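In: structure, please.
(chains A and B)
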Amino acid sequence: MTNQALYSQISAKWNNSFNRLNRGEPGISGLLSFSQAWRTATAFLYPQDLNDPSSYKEYSIQDVRASFDTLSKSKMLPLLMENFLENMRQQQYLVERDIQKYMTEYEAAGSAEAIGRLLFRLVDWYKAWSPIPELGTTLLSAYTLAFQTYIYSSFPPSFSRGFKDLIASTFDLVNASCPPPWALPSEPQASTSAAPPRPDLPLWTACETLGLLDRYESLIASVCYEYIEAHVLNTCAKKWDDSMLVCLREWMAEKVVPWMVMPYARGARNAEEARSMLQGVGSRFDYHVCKTLCDLRTQEIFDIIIDYPDSQPALQDLKECLARVDQRSELVTTLRKANKKRLLHPGADTKDILTQYVSIIRCLRLIDPPGVLLYKVADPIRKYLRERPDTIRCIVASLVGDGESGDSLVDENEPIQPLQQKQADDFADANWEPEPIDAGPNFRTNRPTDVISTLVSIYDSKDLFVKELQVLLAQRLLAVTDGNYERERRNIEILKIRFGEAALQVCEVMLRDMTDSRRIDQHVQQQKPMPLHPTIVSRHFWPPLQTSSFNMPGQFKEIQDAYAKEFHIFKPDKKLHWLPHLGTISLEIELQDRTINAEVPPLEAAIIELFSSKDTWDVAELAAEMKVDKTAAIKALLTWMDLGVLKEEDVNHYKLLEVAEEAPAGTKTVSRPAVVIEEVSAVLTVQRQQAEQMKVYWNFIEGMLTNLGALSLQRIQGMLKFASGYDRTIEQLAEFMEAARREGLVTVKDGMWKLHR
Amino acid sequence: MDQITSSLAPRASAKPSVAGAGGDPAGSVTKRLTSELMTLMMSTSPGISAFPKSDANLFDWAGTIEGPAGTVYAGLKFKISINFPPNYPMAPPAIKFDSPCYHPNVDINSGGICLDILQDKWSAVYSVQTILLSLQSLLGEPNNASPLNPDAAAIWDSPEDFKTQLLKYYRPICDESSD
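Out: You can find the predicted model right below:
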């Protein structure tokens, strides 16, 4: 029973299959013709070995078509496809063999040509195996997919490197007048009689046929990125005197865009279409150009700033790039790092730091007019400059255009304008713009200020500058010997505009003192000609001058007194207070056998004057007579010994040589000019003045300790805020108190200081 | 003293009006007190000294006065406290002795002082320094006509007795107590 049912079922199936294959033809003729058709079709589709031309067979296309028709009628096409793909899998080793052959060649020679040839060979395989289009797209796409899968799986790892090399070589290929042999298909088709429109077209076509363009899209893009990078680095590095961005964009249009047409816009039928297809990828590459240039310039920024203003075009480029690429923070970080490494260290001259700072100001204002970048970069520089002791001096020196230092910080062409004070926000400003997005919380939009204002604002008050200015002016005025103060006057006039009249009043007085001195001197000389030409200064308006206690002896004293008398007649309400150690004296020393002319500092003159009363002097004796210390006296004595006027007879015992001694052979002869004036700074420096100031604070400390009893260091520091201008740190105060303790002025117990009674 | 006051008064009267017009009384008083402190610290008047008690309050000062040489007070030191009113220098500061001071014009218990320039003769030209100097000279030259301490006024003319009484009340200043 069961057998019966099974039998009938099988027989039904068999009949069904038979009918399908026999297609209702008489007998088994249908079946026979089907087998014939199947055989023809599979043989036609069978993947041939390209390397074995003998296996090629010619098929009549009619036969093949008829076979396919037969198979189609029997609904056997799917089976045919499976069979075909299976055959392909079996024949795949042929392709693999070729791939291996070319890859070995590539790895041995390292040349991308092998890859190119491989691609063409693969295309040949692809074409040879490809079923005819009449079989429908299903079969074709199934075949393409299978073929690509096979070749991708057969590529060794080195293929992507090779492919990259190949793509890179296409940049040159674009411009080759005729394609090199490797870049052409191995069997030039007879149909393409005319030369291909572009030398690289066959290669790209091959790539597309094999589906490599989609698979390696990012690789192709990266090749282009690298190409751009290499070009930017080659052409733009260290080239700051030309705007490179324009050249780069031209280069892009000339070189890269034509290349891009192939991988990205091959299908375009006209220029319009090509343009729209290239737009997206083009802007990506343009961005990359900007980014590369921006990176490069960021790395070079410190040197660019040094080169300013020659490097202005580079800065313009950077500005444009920054607008497209948001790398402002990188720029800030890099510049800050470079500054820290190359500028803000003890080895750098303050003047150099200032010059660079000024350049940075100018450069960053160019890149970023609102000044956010500048604010971020300048902060450490300003902090560092504040700690340098000679910053103010340098700024002031450049303010008055220090002649010898050459280039001044201030641009001569810049208009002189008053220092700008911090302004409150103007709420009615119609042109107000919000602060840039990367501005820090402390950032204040300051209107473009001039460089000097920026420099002066390093410090909280301009008083420091005015003070330093006085010292500098005093030094310069005292150094002027020809009575020409025009330069100083001009400087003061300029500075008046900057700092205001009031601040420079003192300087005015100093300048007037100088001219008055000459006038008074002229008057005195008219009354009674004298060899003395003093500079009369108003002590209150001058920075403290070096003091000394010695008095001029002998004839110098007489001249001084005579002059003072004449002066007193001229100005009855004033009294001269001599600073005998400053100035110079021209001497003519008449000895028995010779006369010596010398221009010496006053102390030297005073000492030789003493020798006119007595021939031999002891150093201690001299020092006591002159009220100077021994070292100063010995220094003066050495001067005269060099001039051959004195001789050290004994240790510390000097004798006047009325008759010149023959210099013993071999010892030095007096050959140098008899000018021994050295640069003794007449004016106390600001540091010294600060020490003087500490004495003022001592009065306060004494006052509080007297009235409030023992105090801790913190309280003393707190109370000292009553003293105007007190700006010492508690460490400085501690040092000072310790010094006071050593002098026995105060005692300390358990951290409480009190006066020592 | 009267003569000085009157001769300086016209100049003084101009100043407060300017300060008053400034519209910031507290600020200008602080400024004035700071500058007075500066002057006092820079001056070298022997035997007088004063300083704000804390850095937070400039209106409350402590002072020290040494007795002038050649008087019974010679070699003695007295602590005083000075309290500036908010409208200083339009009104005089309140001053009293912190150390007991046996003196015809000083209340021995409260330390109150009877001195004309601290009351009706006050003028804005006076400063802490002039007050301290006045107090110092008051020690040697009391005004016996209007005594706060009648006993002291009574025995002023016999220096021996006065000195005995003075030393009986006198307490030397010790530093630690004041902090």
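In: going forward, measure contacts between C-alpha atoms and count neighbours the same way
Out: Fine.
In: from memory A:Trp542 sits against A:Leu473, does it?
Out: No - contact between A:Trp542 and A:Leu473 fails when scored by C-alpha atoms under 8 Å: they sit 9.5 Å apart.
In: which one of the two has more residues nearby?
Out: A:Leu473 (24 against 18; other C-alpha atoms under 10 Å in any protein chain shown).
In: the more buried one sits in which helix or strand?
Out: helix A:463-479 (DSSP states H and E).
In: helix or strand right after that helix?
Out: helix A:486-499.
In: same for that following helix, what does it pack against?
Out: Applying 3 or more C-alpha pairs under 8 Å, 6 or more residues apart in numbering or on different chains; DSSP states H and E, we find helix A:486-499 packed against helix A:505-527.
In: ok, and what's touching the helix it packs on?
Out: With contact meaning C-alpha atoms under 8 Å, 6 or more residues apart in numbering or on different chains, helix A:505-527 is reached by A:470, A:473-474, A:477, A:483, A:485, A:488-489, A:492, A:533-538, A:541-542, A:563, A:566-567, A:570.
In: buried ones only from these, please, as a ChimeraX command.
Out: In ChimeraX syntax, the buried subset of the contacts of helix A:505-527 is picked out as below (16 or more other C-alpha atoms under 10 Å in any protein chain shown):
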select /A:470,473,474,477,485,488,492,533,534,535,536,537,542,563,566,567
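In: the helix holding A:Leu473 to helix A:486-499, inter-axis angle?
Out: Orientation check (axes from the mean of the first three to the mean of the last three C-alpha atoms, to 10 degrees): helix A:463-479 against helix A:486-499 gives 170 degrees.
In: average pLDDT for stretch A:147-161?
Out: Across stretch A:147-161, the average pLDDT comes to 85.
In: now do the buried residues in it.
Out: A:147-148, A:150-151, A:154, A:159.
In: among those, which one lies nearest to chain B?
Out: A:Phe159 (81.5 Å; C-alpha to the nearest C-alpha).
In: my read is that the closest one contacts A:Thr104, right?
Out: No - in this structure A:Phe159 lies outside contact range of A:Thr104 using C-alpha under 8 Å: 10.5 Å.
In: which residue ranges of chain A form strands?
Out: A:585-590, A:595-600, A:616-618, A:646-650, A:653-656, A:711-712, A:746-749, A:752-755 (DSSP state E).
In: tell me the helices and strands packed up against the second one.
Out: Put plainly, it is strand A:595-600. In this structure, strand A:595-600 packs against strand A:585-590, with contacts taken as 3+ C-alpha pairs under 8 Å, 6+ apart.
In: and the strand it packs on, which strands flank it?
Out: Paired with strand A:585-590 in the same sheet, following DSSP bridges, are strand A:595-600 (antiparallel).
In: what mean pLDDT does the partner strand have?
Out: Mean pLDDT, strand A:595-600: 80.
In: for stretch A:232-243, same thing?
Out: Averaging pLDDT along stretch A:232-243 yields 85.
In: cool, and stretch B:129-149?
Out: Here the average pLDDT along stretch B:129-149 is 87.
In: for stretch A:738-757, same thing?
Out: In this model, stretch A:738-757 carries a mean pLDDT of 83.
In: contacts for it, please.
Out: A:702, A:705-706, A:709-713, A:737.
In: just to revisit the earlier point, so which of the buried residues of stretch A:147-161 are in helices?
Out: A:147-148, A:150-151, A:154, A:159 (DSSP state H).
In: dump the residues you listed into a markdown table; add distance to chain B as well.
Out: Output for these, formatted as a markdown table (distance: C-alpha to the nearest C-alpha, whole Å):
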| residue | distance to chain B |
| --- | --- |
| A:Phe147 | 91 |
| A:Gln148 | 88 |
| A:Tyr150 | 89 |
| A:Ile151 | 88 |
| A:Ser154 | 87 |
| A:Phe159 | 81 |
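In: what comes up buried for stretch A:566-577?
Out: A:566-567.
In: typo on my end, it should be stretch A:231-250
Out: Buried residues in stretch A:231-250, defined by neighbour count with 16+ other C-alpha under 10 Å: A:231-232, A:236, A:240-245, A:248.
In: could you identify the most distant pair in those residues?
Out: The largest separation in those, counting by C-alpha to C-alpha, is between A:His231 and A:Asp241 at 17.8 Å.
In: how does chain A divide into domains?
Out: A:2-31, A:76-211, A:216-264+A:277-323, A:327-426+A:437-460, A:468-527, A:554-656, A:686-755 (automatic domain parsing).
In: turn these into CSV, including distance to A:Phe44.
Out: Formatted as CSV, these follow (distance: least, C-alpha to C-alpha, whole Å):
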stretch, distance to A:Phe44
domain A:2-31, 20
domain A:76-211, 9
domain A:216-264+A:277-323, 33
domain A:327-426+A:437-460, 62
domain A:468-527, 98
domain A:554-656, 118
domain A:686-755, 100
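In: which strand in chain B runs the most residues?
Out: Under DSSP E, chain B gives strand B:57-66 as its longest strand.
In: where are the low-confidence patches of the stretch 401-550 of chain A?
Out: Within the stretch 401-550 of chain A, the set of residues satisfying pLDDT under 70 comprises A:401-426, A:436, A:439-450, A:549.
In: residue of it nearest chain B, please.
Out: For the stretch 401-550 of chain A, C-alpha to the nearest C-alpha, closest residue to chain B: A:His540, 16.4 Å.
In: where in the stretch 101-250 of chain A is pLDDT low?
Out: Applying pLDDT under 70 to the stretch 101-250 of chain A flags residues A:134, A:174-198.
In: let's see that with 50 instead.
Out: Counting by pLDDT under 50, the stretch 101-250 of chain A has low-confidence residues at A:186-195.
In: please apply the same query to chain B.
Out: Scanning chain B for pLDDT under 50 picks out B:1-23, B:176-179.
In: nearest residue to residue 63 in space, please, no chain neighbours.
Out: Because you didn't say which chain, this covers chain A. Among residues not flanking A:Asp63 along the chain, A:Thr40 sits closest, at 7.8 Å (C-alpha to C-alpha, 6 or more residues apart in numbering or on different chains).
In: my bad, the chain I had in mind was chain B
Out: Counting by C-alpha to C-alpha, 6+ apart, B:Gly63 lies nearest to B:Ala50, which is 3.8 Å off, once chain neighbours are set aside.
In: and if you look at A:Lys238?
Out: Counting by C-alpha to C-alpha, 6+ apart, the residue nearest A:Lys238 is A:Glu300, at 7.7 Å.
In: with A:Glu604 instead?
Out: Counting by C-alpha to C-alpha, 6+ apart, A:Ala636 is the residue found nearest to A:Glu604 once chain neighbours are left out, at 4.9 Å.
In: do you know the pLDDT at the one you found?
Out: Predicted confidence (pLDDT) for A:Ala636: 81.
In: report how many residues lie close to whatever residue of chain A ends up closest to chain B.
Out: Closest residue of chain A to chain B, C-alpha to the nearest C-alpha: A:Gly709 (4.4 Å). Number of residues near A:Gly709 (other C-alpha under 10 Å) recorded here: 19.
In: confidence score at it?
Out: 83.
In: excluding its backbone neighbours, what's nearest A:Phe285?
Out: A:Tyr225 (7.1 Å).
In: wouldn't that neighbour be in contact with A:Arg284 here?
Out: No - here A:Tyr225 does not reach A:Arg284: they are 9.6 Å apart, not a contact under C-alpha under 8 Å.
In: between these two, which one's more packed in?
Out: A:Tyr225 (18 against 14).
In: how about the contacts made by A:Pro156?
Out: Residues in contact with A:Pro156, defined by C-alpha under 8 Å, 6+ apart, are A:Met103.
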